[in-house]
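Engineer: Attaching a predicted model along with its sequence, questions to come.
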Amino acid sequence: MKLVIHPAIDEERLHKVREAAGTMRVVNCEDYEVALTEVVTATAFFGKITPELLENGLGLEWVQSPTASLEHYLFPELIEHPCQLTNMRGLFGDVIADHVFAYITCVARNLHIYLRQQMRAEWEPIGGRDQVTSFATGPGQVSEIDRRHIHLSDCTIGVVGVGSIGSEICRRAHCFGMQVLGVDPHVRSVNEIGAEVWPMDRMDELLANSDFVVIAAPHTPETEKMFRLQQFEKMNPSAWLINIGRGAIVDLNDLTAALETKQIAGAALDVFETEPLSSEHPLWGMDNVLITPHVAAASPRVAERHLATLLENINAYVAGEPLKTLVDKRRWY
């Protein structure tokens with residue numbers, strides 16, 4: 001057995017890889033031409049594989065992607081090759097769920113509006129300057145300020161894609177007391193994540209019943225442009241769309257139109273069809289839009305988890321055991 005790595009990794013990680021590999025030879029290739037030569041006798045590969053490398057690697061049994069998403073990693077020859085492919089899924093569930101609920105609590109408490117007002121030194125409670133507390137209209141009555149804030153346990157969240165990330169979002173939502181719905185090609189048990197998970201053909205029902213619709217699906221041929229005007233028309237006018245999946249899943253022109261016409265209440269977006277988002281795009285100027293620059297997975301824990309997944313799969317490969325993050329190459333996940 002022989003593992004080829006390209007691009008090369010640092011010495012600290014390489015030492016741990018070689019420890020996990022045991023008697024398997026590990027070649028850390030600084031140079032692409034060296035990788036082309038070494039892959040000829042390799043059985044395993046970690047890094048950015050190319051059609052040329054794959055063509056030389058006729059004996060490859062296993063390829064490990066350094067990424068969780070595969071839309072920029074897969075190519076036809078790799079899909080058809082008999083090698084097994086693993087990715088880095090499962091590293092970001094808690095981190096991205098944190099990001100999603102940062103969006104949700106921000107919207108629920110109107111922080112996206114209050115932060116903008118803070119920049120203008122403007123004291124203006126949402127709903128009216130004169131209604132400072134609920135008691136402004138009398139005990140037991142609901143003020144306009146109260147109406148303009150969202151009580152999360154009264155809300156329903158709909159999660160599109162209930163994999164490792166979507167499942168963690170469902171768990172967090174359940175802890176907030178929200179009703180939790182999900183759609184996924186692979187329907188899972190509801191008990192462990194506090195969600196009712198439906199097959200994809202019930203997507204319209206999820207859209208119609210959700211106050212927050214969260215896209216946590218990967219980019220695949222099936223999910224590309226999944227959200228267009230037809231989907232926004234099925235959402236409630238008071239609902240928010242949250243996308244931490246992939247930008248290609250949402251048609252940005254249609255989303256912009258839905259926001260401008262108040263078809264939906266707002267959007268919180270970490271990913272876009274084209275990144276970075278053009279500085280001229282109208283989304284930047286909308287008060288009902290939250291934009292973050294593809295950072296939902298950012299965490300000081302990611303590097304250690306990345307290495308742990310690689311080592312876990314090396315251990316499994318050397319021992320002849322099933323690989324831990326095996327993907328279906330034709331489905332892209």
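Structural biologist: All right, it came through fine. Being a predicted model, the structure only gives us computed values, none of them experimental.
Engineer: what does the one helix or strand Ala20 maps to rub up against?
Structural biologist: For Ala20, the host element (DSSP states H and E) is helix 11-21. Identification of contacts with helix 11-21 by C-beta atoms under 8 Å, 6 or more residues apart in numbering yields 3, 5, 8-9, 26, 28, 307, 310-311, 314-315, 318. Every residue, glycine included, has its C-beta placed from N, CA and C.
Engineer: For the stretch 1-150 of the chain, which segments are assigned as strands?
Structural biologist: Assigned by DSSP state E, counting those that start in this stretch, the stretch 1-150 of the chain shows strands spanning 2-6, 25-28, 44-47, 62-64, 84-86.
Engineer: in the chain, which helix has the most residues?
Structural biologist: helix 302-319 (DSSP state H).
Engineer: which of the residues in that helix are buried?
Structural biologist: In terms of neighbour count (16 or more other C-beta atoms under 10 Å), helix 302-319 has its buried residues at 306-307, 309-311, 313-314, 316-318.
Engineer: same check, this time on stretch 174-181
Structural biologist: 174, 178-181.
Engineer: Now find how far off-centre that stretch is within its chain.
Structural biologist: A distance of 19 Å separates the centroid of the chain from that of stretch 174-181, by C-alpha atoms, centre = their mean, to the nearest Å.
Engineer: Just give me the closest of the buried residues of helix 302-319 to Gly90.
Structural biologist: Using C-beta to C-beta, the shortest approach to Gly90 within the buried residues of helix 302-319 belongs to Thr309, at 7.0 Å.
Engineer: what about that closest one, distance to Gly158?
Structural biologist: 29 Å (C-beta to C-beta, to the nearest Å).
Engineer: One more: Thr223?
Structural biologist: Separation of Thr223 from Gly158 (C-beta to C-beta): 15 Å.
Engineer: Between the two, tell me which one has more neighbours.
Structural biologist: Legend: neighbour count by other C-beta atoms under 10 Å for Thr223 and Gly158, higher for Gly158 (26 against 23).
Engineer: who are the neighbours in contact with that one?
Structural biologist: Per C-beta under 8 Å, 6+ apart, neighbours of Gly158: 181-183, 206-207, 209-210, 212-214.
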